[in-house]
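Chemist: Pasting a predicted model and its sequence here:
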Amino acid sequence: SIVTICLNDRDHLERCLKSIDGLDTSGLELEVIVSDGGSNDDSIEVAEGAGARVVRSRPGIPIQRNSGTREATGDVIAHVDCDVELFQGFIDSIVEHFSAGQDLLLSGIKRLPTDAHWISRADTLAWMGAAALYDDGHAESASMAIAGYCIICSRKVYDRVSFREDMPVDEDTMFVYDVENLGYPVVVDPRIKYVHHGEPKDFVEYFKKLAWNHNYSMWFQRLRDGDRAAWRSMNYWWGLLFTAGLLSGALPAAGMVATRALVTAARNRAPAWLPSLAAMYAGNGLACTAALFGYSKDKAKRWRKAA
């Protein structure tokens, strides 16, 4: 089963469903579910026209993910965001990993659209490694991160772990940590490639998206509750350190930004990206600071603006 969520995003959805329809299923039965959060454009018509089953859900990213999962009948369920475009080999890779009946979490490498802004390229290099930017030997040694754009699990895993519905954002990261905490393998296969078309179009949009994506009040509560997944959320810690440095003066914050940019450029053997990485980390840190001081509190109602 492939589950995608949507809220007034018919253009992205149409592209996503078209890419799914073009996949070689190797004779397997493929179920496509669109979990809609109350679209008032023609997203539902687009989904039904493409042969997908529409599940009407309450709005909210984790809520819609769980609604779609409950309706899915497949032994393996792939959550694919509606602004994602899939490519041939997607089904074959899934079959290879799950054919022995193993229960695990699987993902691949996010690719960027050809017109991606430099800030998106720098961010992708930092968090997902050079494999997401290049089609060469970088793939074997790159630092790869799993993003919610594409998460694939066996039915048994989803029966034990669901997306946390009290988290309007960051539910994908916490889901991965929850799966790991239960002892299931987490695998990133570079052969699973997809393009994420919902990238920020400029620096301002990037800043707003990052500020929206961080919910410090929720994170602090989870730390107090002893949530191991929260302790592993590195970007929240980075935001705290950057904010502390910024409050101490511009030089400490600048030093942190420069250090992170140098380390990332060296790790990925990409010295030419150093200026872009520095600008990205500065924007990232400022966005975390804004979130820490309450920017964009009304996350649940406005998820579509940044998701």
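Modeler: Alright, I've got the coordinates.

Chemist: Where does pLDDT dip in this protein?
Modeler: Applying pLDDT under 70 to the chain flags the ranges 130-146, 296-307.

Chemist: so what does the longest strand seen in it touch, helix or strand wise?
Modeler: Taking DSSP state E as the criterion, the chain has its longest strand at strand 186-196. Applying 3 or more Cβ pairs under 8 Å, 6 or more residues apart in numbering; DSSP states H and E, one finds that strand 186-196 contacts strand 84-86, helix 90-98, strand 105-111, helix 171-181. Any C-beta I mention is one placed from the backbone N, CA and C, and that applies to glycine too.

Chemist: How about it, which residues are buried there?
Modeler: For strand 186-196, burial by neighbour count (16 or more other Cβ atoms under 10 Å) applies to 188-190, 192-196.

Chemist: got those residues as a markdown table, with distance to residue 179 columns?
Modeler: As requested, these are exported to a markdown table (distance: Cβ to Cβ, whole Å):
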| residue | distance to residue 179 |
| --- | --- |
| 188 | 13 |
| 189 | 16 |
| 190 | 20 |
| 192 | 17 |
| 193 | 22 |
| 194 | 20 |
| 195 | 25 |
| 196 | 21 |
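
Chemist: ok, so of those residues, who is nearest residue 32?
Modeler: Among the buried residues of strand 186-196, residue 194 lies closest to residue 32 (Cβ to Cβ), at 15.2 Å.

Chemist: what sits against that closest one?
Modeler: 80, 84-87, 90, 108-111, 149-150 (Cβ atoms under 8 Å, 6 or more residues apart in numbering).

Chemist: Can you give me the distance of the closest residue to residue 197 other than its chain neighbours to residue 252?
Modeler: Once flanking residues are discounted, residue 197 sits nearest to residue 83: 4.8 Å by Cβ to Cβ, 6 or more residues apart in numbering. Note on residue 83: its distance to residue 252, by Cβ to Cβ, to the nearest Å, is 37 Å.

Chemist: cool, and residue 120?
Modeler: Residue 120 is 27 Å from residue 252, by Cβ to Cβ.

Chemist: go on, residue 77?
Modeler: From residue 77 to residue 252 the distance is 45 Å (Cβ to Cβ).

Chemist: neighbour count winner among the two?
Modeler: residue 77 (21 against 15; other Cβ atoms under 10 Å).

Chemist: Doesn't that one belong to a helix?
Modeler: No. Applying DSSP: H, G, I helix; E, B strand; the rest coil, one finds residue 77 to be strand, outside a helix.

Chemist: What are the neighbouring residues in contact with the residue nearest to it when sequence neighbours are not counted?
Modeler: Nearest residue to residue 77, sequence neighbours excluded (Cβ to Cβ, 6+ apart): residue 1, at 4.8 Å. Contact analysis of residue 1 by Cβ under 8 Å, 6+ apart lists 30-33, 72-74, 76-78.

Chemist: Check the gap between residue 168 and residue 174 for me.
Modeler: 12 Å.

Chemist: typed the wrong thing, it's residue 80
Modeler: The value you get for residue 80 to residue 174, if Cβ to Cβ is used, is 19 Å.

Chemist: Next: residue 41.
Modeler: 30 Å.

Chemist: nearest to residue 97, of the buried residues of strand 186-196?
Modeler: For the buried residues of strand 186-196, the nearest to residue 97 is residue 189 (6.9 Å; Cβ to Cβ).

Chemist: Let me know whether the closest one touches residue 97 as I believe.
Modeler: Yes. With contact defined as Cβ atoms under 8 Å, residue 189 counts as touching residue 97 (6.9 Å).

Chemist: Touching both of these two, which residues are there?
Modeler: residue 106.
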